[in-house]
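Engineer: My questions are about this predicted structure, shown below with the sequence.
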Amino acid sequence: MRWRAYAVCMFVAACLDVWLTFVFPPDYTYQKLSFIPHICFLVCMMAIYDRKPIDRVLIGALCGILYDFFFGSTFPVSFLLFAAFGYTTGLFKENYDKDMRLLFVVLSAEVFLLDTLPFLFCKIIGTMHVNVGTWLLHMELLTVAIHIAVIYGLMYVLDAVDAWAARREEKRDQQRRNSYRDAE
């Protein structure tokens, strides 16, 4: 898939994140189950996992800046976490070809850490006064469960789109070869 298609997918995913947050707002009173969508983050990580390390860091940082600027209000957090997770997503890229479940595990862990690291930071500096168990049960449990399904869905959709793009490119190459043959 081309980069402009990935950019459009990430923009749509970021808009979907904002829409889901608007329709199903997180309950910061921790009285009921809530979830925080990270679909844009997942699309970004799935788009860059097979790139070079510096590309993964720079694209992740760019996505983090854009996400913070347009859709969030936590400027350095998404910028730093998207860049760091962009780097770590590709660490096992040789093993992803053998078993895509490893990519699923890495992405699931990153979704968990994407919420947990800022929570722990706020807990350490004293701005968060909620019990860790309560936060895990009411906020993070549903977030991780929903994102497991989202990861499976995105893996299927992106594989299907990549296969379609490969078939289309193969068909164009065949047409080019035929046009050269006809020109002779």
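Structural biologist: Structure's in. What do you need?
Engineer: all contacts plus neighbour counts: C-alpha atoms, from now on.
Structural biologist: Fine.
Engineer: what's the spacing between the nearest residue to Gly90 once chain neighbours are set aside and Phe85?
Structural biologist: Of all residues not flanking Gly90 in the chain, Tyr49 sits nearest, at 4.5 Å (Cα to Cα, 6 or more residues apart in numbering). Relative to Phe85, Tyr49 is positioned 10 Å away (Cα to Cα, to the nearest Å).
Engineer: returning to that earlier point: next one: the residue nearest to Gly90 from Ile36, what distance?
Structural biologist: According to Cα to Cα, Tyr49 stands 23 Å off from Ile36.
Engineer: do Val111 as well
Structural biologist: Here Val111 is placed at a distance of 10 Å from Ile36 (Cα to Cα).
Engineer: And for Gly90?
Structural biologist: According to Cα to Cα, Gly90 and Ile36 sit 24 Å apart.
Engineer: likewise Leu117?
Structural biologist: 14 Å.
Engineer: try Arg101
Structural biologist: Distance, Arg101 to Ile36, by Cα to Cα: 23 Å.
Engineer: One more: Leu154?
Structural biologist: Using Cα to Cα, Leu154 is found at 17 Å from Ile36.
Engineer: These two - which one has more neighbours?
Structural biologist: Each of Leu154 and Ile36 had its neighbours counted (other Cα atoms under 10 Å), and the higher figure belongs to Ile36 (21 against 17).
Engineer: List the contacts of the more buried one.
Structural biologist: If a contact means Cα atoms under 8 Å, 6 or more residues apart in numbering, then Ile36 has Thr21, Pro26, Met139, Thr143 as its contacts.
Engineer: how about those residues, which pair is most distant?
Structural biologist: Across the contacts of Ile36, the longest distance by Cα to Cα is 12.9 Å; it joins Thr21 and Met139.
Engineer: Please say which of the two ends up with more neighbours.
Structural biologist: Under the neighbour definition other Cα under 10 Å, Thr21 and Met139 were set side by side, and Met139 has more, 22 against 15.
Engineer: What is the helix ranked longest in the chain packed up against?
Structural biologist: Identified as the longest helix of the chain according to DSSP state H is helix 141-183. For helix 141-183, the elements it packs on are helix 39-48, helix 101-125, judged by 3 or more Cα pairs under 8 Å, 6 or more residues apart in numbering; DSSP states H and E.
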